[in-house]
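A.B. asks: just the structure for this:
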Amino acid sequence: MTLADELSRIRTLFWLQYPAKRVLELPHTPLVADNAARFVCFGSCFASHMHDSLRQVGIESFRNLPTTFGYSFESLAHVLRAADGTDPAYAERIHEYADSLGGHNPYLFHFDHRLHTTREETAALLEREVLALREALRRCTHVVVTAGTPHVIRLKSSGLCINRSNGIPAAEYSHHRNTVQEELRHLGSILASVRRIRGGGLPEVLFTVSPQRYGFNAREVGKVPAEQIPECRFVENSLCKSILRVAVQAAIEGYPGQPLRYFPSYEIVLDELRSCEPFERDLMHVDIQQTGNHVVTRFMEAHFSQEMRRTVLAIAKGLRLENAVRANSGAQGMRGHFLPEFRELLEGYLARIPATGCNEVLGRIALDCAELLEAWEELAEALAAYAALGPQDSVLIWGTGGRFERYHRKLLPHLMKRCRVVLVDSGRYGETIDGITVQSPETLAGTVHRLGIIASTFREAIMDAAARLSIRFERIF
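C.D. replies: Model (predicted):
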């Protein structure tokens, strides 16, 4: 049974699936072993859907509208040259609107509105965005690059490629359709920028072509007389997708031995979903929820390890349980009806924490279900069994902010019956919570605890601080 088949049986609101035949043969190449993977997703709408789906299954992904959104390889290459330092003047390339609304628009970045800040404030904003992208690329393990079209718009005055016209007067720019050779050059620039930012090698780079259709026609690029090519957006779209696909193939073949791959999102939509009407009524825009879910599921089938695929199924089951509990909230006998399923979910998750790397999404689902079912005693019991807690053992709960108040404080009295509880928070040390004095991390340097519970959204920073202070946990939740 395929991953999509299993997900469709679970039928969560998040994983509605097409009953599609498997037309494409995608060999299982496990590029994502666990949720320690870190993605950066560049491109158009499919990159956004990939980003959202990865985060939904507990994988870190970076996606920021100004720096990672673009429809063409060329526009993405410009942003990456800003990030790698080879274009230090990026913040100076700004359009000033002359109309009554005023404001300005950075040419190389993707904003869906005019900026009404000062030029200095805009330069500082762009610098922050570029620094965030640079740091994400340094840390990432995988990069997804999606292009939708080789069509770009260029300023007539300088030939500069604009990321988004955003109300710039049409008389100031012209349309251009890049050739395969031009696209190949931009792909090379993207790879070179990623190398410079990382100081050498590349992460796993997956290229995709967006199945979304774009409404350009041959007349707009003005390269041949209109009678030689039909003035039809569908005909032009087919040519554009072909240019992108050939350029990607040439790039992969031109860098033998490099971690470059093509993922066939375009072919999945056009061939596997042909009979499922994967487009909206205008036949241009993809039905992003259903179609996007199917394509991402195919990606997971092809490139997730068996352990990560089991994690996806566990999350889907957990979401189904959470949705069912919410839908039946207040119903008579609800708690008793759902408790066995909650215990099963929790047992399966805790048993796999060493393999899953303590999946943040599954942990959040477990806490939400415990809150909805008022199952804090059951959660404490499961954690005690998971960590083999005894009266002399210590549980360290790190963080006493909003997350702690919502979830872990309700868990506290049930844990205190079973073991010694230590509270840690660098901002509230010295305070007393439920009879326990909060300690600073530094006072616990070099200590070992049977169980560590991260009661904060800043999990990674806390784990880094624990490693720096040699604070160790035999188990973690």
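A.B. asks: quick one, what contacts residue 85?
C.D. replies: Contacts for residue 85 were tallied using C-beta atoms under 8 Å, 6 or more residues apart in numbering; they are residue 196. C-beta coordinates here come from the backbone N, C-alpha and C atoms, glycine included.
A.B. asks: that one and residue 212, how far apart?
C.D. replies: 32 Å (C-beta to C-beta, to the nearest Å).
A.B. asks: how about residue 265?
C.D. replies: 10 Å.
A.B. asks: do the same with residue 198
C.D. replies: 30 Å.
A.B. asks: just residue 145 next, same as before
C.D. replies: With C-beta to C-beta as the criterion, residue 145 and residue 212 are 15 Å apart.
A.B. asks: for residue 476, same thing?
C.D. replies: Using C-beta to C-beta, residue 476 is found at 41 Å from residue 212.
A.B. asks: which one's more surrounded, residue 265 and residue 212?
C.D. replies: residue 265 (28 against 22; other C-beta atoms under 10 Å).
A.B. asks: excluding residues flanking it in the chain, which one is nearest the more buried one?
C.D. replies: Nearest residue to residue 265, sequence neighbours excluded (C-beta to C-beta, 6 or more residues apart in numbering): residue 208, at 4.5 Å.
A.B. asks: same thing with residue 193?
C.D. replies: Going by C-beta to C-beta, 6+ apart, residue 193 has residue 80 as its nearest residue, at 3.6 Å.
A.B. asks: give the contact list for that neighbour.
C.D. replies: 189, 190, 193, 194, 197.
A.B. asks: let me have the residues you listed in JSON lines, adding secondary structure and pLDDT as columns.
C.D. replies: Listed next are these as JSON lines, based on DSSP: H, G, I helix; E, B strand; the rest coil; pLDDT from 0 to 100:
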{"residue": "189", "secondary structure": "helix", "pLDDT": "96"}
{"residue": "190", "secondary structure": "helix", "pLDDT": "96"}
{"residue": "193", "secondary structure": "helix", "pLDDT": "96"}
{"residue": "194", "secondary structure": "helix", "pLDDT": "97"}
{"residue": "197", "secondary structure": "helix", "pLDDT": "96"}
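A.B. asks: for PyMOL, write a command that selects the buried ones of the residues you listed.
C.D. replies: A single PyMOL command selects the buried members of those (16 or more other C-beta atoms under 10 Å):
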select buried, resi 189+190+193+194+197
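A.B. asks: closest to residue 48 among the contacts of residue 80?
C.D. replies: residue 190 (18.4 Å; C-beta to C-beta).
A.B. asks: how close does the nearest residue to that closest one once chain neighbours are set aside get to residue 102?
C.D. replies: Nearest non-adjacent residue to residue 190, counting by C-beta to C-beta, 6+ apart: residue 77, 5.1 Å away. Computed as C-beta to C-beta, the residue 77 to residue 102 distance reads 30 Å.
A.B. asks: those two: who's more crowded?
C.D. replies: Neighbour tally, residue 77 and residue 102, criterion other C-beta under 10 Å: the higher count belongs to residue 77, 22 against 10.
A.B. asks: give me the element the more buried one is part of.
C.D. replies: Under the criterion of DSSP states H and E, residue 77 resides in helix 73-84.
A.B. asks: next one: the helix or strand following that helix to chain centre, how far?
C.D. replies: Heading C-terminal from helix 73-84, the first helix or strand you meet, by DSSP H and E, is strand 94-96. The chain centroid and the centroid of strand 94-96 are separated by 31 Å under C-alpha atoms, centre = their mean, to the nearest Å.
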